[in-house]
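Q: Okay, predicted coordinates and the sequence, questions at the end:
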Amino acid sequence: MINKPYFNNIYKQGTISLDPMGRIKTKAAKRITEELVDNHFDDFTEDFDQNKAIVEKHAEISSKKLRNIITGYVTRRVKSRETL
């Protein structure tokens with residue numbers, strides 16, 4: 001491994017952030033969202049809480065965090081499709 005003291009010193013001081021600018025969704029979350037929106041578009045609304053119940057009904061998602069990520073993405077997709 002190459003030692004990069006300049007980078008290490010700056011990172012330790014907190015002047016460089018390695019956090020991404022926005023949220024990055026995994027391919028699995030995008031794939032599941034696309035399938036849900038394509039197959040059940042008429043069921044979804046622009047309301048996150050209603051969509052959460054619909055996602056639970058149509059997909060078996062093991063974690064609450066992943067379900068909420070998918071539900072948020074579904075809600076965003078529904079809003080963007082309805083404005084087209």
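A: Perfect, I can see it now.
Q: can you tell me the helix or strand for the nearest residue to Tyr73 once chain neighbours are set aside?
A: Distance criterion Cβ to Cβ, 6 or more residues apart in numbering; nearest residue to Tyr73, sequence neighbours excluded, is Thr33 at 4.6 Å. Every residue, glycine included, has its C-beta placed from N, CA and C. Thr33 belongs to helix 27-40 when elements are defined using DSSP states H and E.
Q: As a check, name the ranges of all helices in this structure.
A: For the chain, the helices defined by DSSP state H occupy 5-13, 27-40, 48-58, 64-83.
Q: still on that earlier bit, to what extent is the residue nearest to Tyr73 buried, counted in neighbours?
A: Number of residues near Thr33 (other Cβ atoms under 10 Å) recorded here: 22.
Q: Kindly report the same for Leu66.
A: Neighbourhood size, Leu66 [other Cβ under 10 Å]: 15.
Q: and if you look at Glu46?
A: 11.
Q: Quick check: it touching Lys79?
A: Yes - with contact defined as Cβ atoms under 8 Å, Glu46 reaches Lys79; the gap is 5.4 Å.
Q: Provide a list of residue ranges in this structure with pLDDT below threshold.
A: Where the chain drops to pLDDT under 70, the residues are 1-23, 82-84.
Q: I'd like the distance between Asn39 and Ile54.
A: Separation of Asn39 from Ile54 (Cβ to Cβ, to the nearest Å): 11 Å.
Q: These two: which is more packed in?
A: Remark: of Asn39 and Ile54, Ile54 carries more neighbours, 17 against 10, as counted by other Cβ under 10 Å.
Q: Brilliant, that's me finished.
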